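Chemist: Would you be able to build a 3D model of this:
(2 chains)
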Amino acid sequence: AQKITQTQPGMFVQEKEAVTLDCTYDTSDPSYGLFWYKQPSSGEMIFLIYQGSYDQQNATEGRYSLNFQKARKSANLVISASQLGDSAMYFCAMSVDYNNNDMRFGAGTRLTVKP
Amino acid sequence: DTGVSQDPRHKITKRGQNVTFRCDPISEHNRLYWYRQTLGQGPEFLTYFQNEAQLEKSRLLSDRFSAERPKGSFSTLEIQRTEQGDSAMYLCASSSKTDSGANVLTFGAGSRLTVL
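Modeler: Model (predicted):
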């Protein structure tokens, strides 16, 4: 069965610094996708970044990068140059179905950016 | 297109009443999903449509829950005989493929249900 674990309920970071949010996963399927979503207080889930299990390079999207360590089954999100607007809940998610019919989410990490 | 729309945003109801939520996906997306999110947790998958066909349902979706997507456009999620344990945020999402081939879900702002 698939499982996503986020062990950090809350994280603090100083504005303009980098922060790493941890995510580990468990699956026996060799083909899977890993996603990170941001959920601000308004409630809407915002897609940030995607990593496929066969992708050779770590995914990057602007200030977001995904530190994918396949052997360790980890997919940590790195946010560089944190901004006050980055304060939100962050969810790691995984799907082993190519069509993402059953995407599983972790419990989330609440990030607070301090001025 | 303004994204995925959900209505109502908030619903307070008494135990035993029926409630219905509506979701309007992004028009060119043929896949539509319903998730439930309780406080402090990540979203949990409920059900999935491709066009008008409901292709998958979670075990979380008891017989009091029914979802439809009659014309392959908007979808409704009805909860009959609501219970206090149904109190949650109900999220709708629709999906498209990115250039990398990933099937990325675009979520609506959710419908928050409170059952008294």
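Chemist: From B:K57, how far off is the residue in chain B that chain A sits nearest to?
Modeler: With Cβ to the nearest Cβ as the measure, the residue in chain B that lies nearest chain A is B:G42; the distance is 3.1 Å. The C-beta positions use only the backbone N, C-alpha and C, and glycine is treated the same way. Distance from B:G42 to B:K57, counting by Cβ to Cβ, to the nearest Å: 19 Å.
Chemist: quick one: which of these two has more around it?
Modeler: For the pair B:G42 and B:K57, the greater number of neighbours falls to B:G42 (22 against 15), based on other Cβ atoms under 10 Å in any protein chain shown.
Chemist: Who are the contact partners of the more buried one?
Modeler: A:4, A:91, A:93, A:105-108 (Cβ atoms under 8 Å, 6 or more residues apart in numbering or on different chains).
Chemist: Kindly report the residues of chain B close to chain A.
Modeler: Contacts of chain B with chain A, taken as Cβ under 8 Å from any Cβ of the partner chain, map to B:31, B:33, B:40-45, B:48, B:55-56, B:58, B:89, B:91, B:93, B:95, B:98, B:100-110, B:112.
Chemist: Buried ones among those residues?
Modeler: B:31, B:33, B:42-45, B:48, B:56, B:58, B:89, B:91, B:93, B:95, B:102-110, B:112 (16 or more other Cβ atoms under 10 Å in any protein chain shown).
Chemist: So which of those residues are in strands?
Modeler: B:31, B:33, B:44-45, B:48, B:56, B:89, B:91, B:93, B:95, B:103-107, B:112 (DSSP state E).
Chemist: And those residues, which two are furthest apart?
Modeler: The largest separation in those, counting by Cβ to Cβ, is between B:N103 and B:R112 at 26.3 Å.
Chemist: all helices for chain A, in order.
Modeler: Along chain A, counting by DSSP state H, no stretch forms helices.
Chemist: Would you mind naming what in chain A lies close to chain B?
Modeler: Counting by Cβ under 8 Å from any Cβ, the residues of chain A that sit close to chain B are A:4, A:33, A:35, A:37, A:42-47, A:50, A:52, A:55, A:91, A:93, A:95, A:98-108.
Chemist: that older thread, including pLDDT, distance to A:G10 and neighbour count, could the contacts of B:G42 go into TSV?
Modeler: Compiled in TSV, these are given as follows (pLDDT from 0 to 100; distance: Cβ to Cβ, whole Å; neighbours: other Cβ atoms under 10 Å in any protein chain shown):
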residue	pLDDT	distance to A:G10	neighbour count
A:I4	94	18	22
A:F91	97	14	26
A:A93	94	19	25
A:F105	92	17	21
A:G106	94	14	23
A:A107	94	11	16
A:G108	96	10	23
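Chemist: ok, which pair from those is furthest apart?
Modeler: Across the contacts of B:G42, the two members that end up farthest from each other (Cβ to Cβ) are A:A93 and A:A107, 11.3 Å apart.
Chemist: middle-most residue in chain B, spatially?
Modeler: B:W34 (3.0 Å; Cα atoms, centre = their mean).
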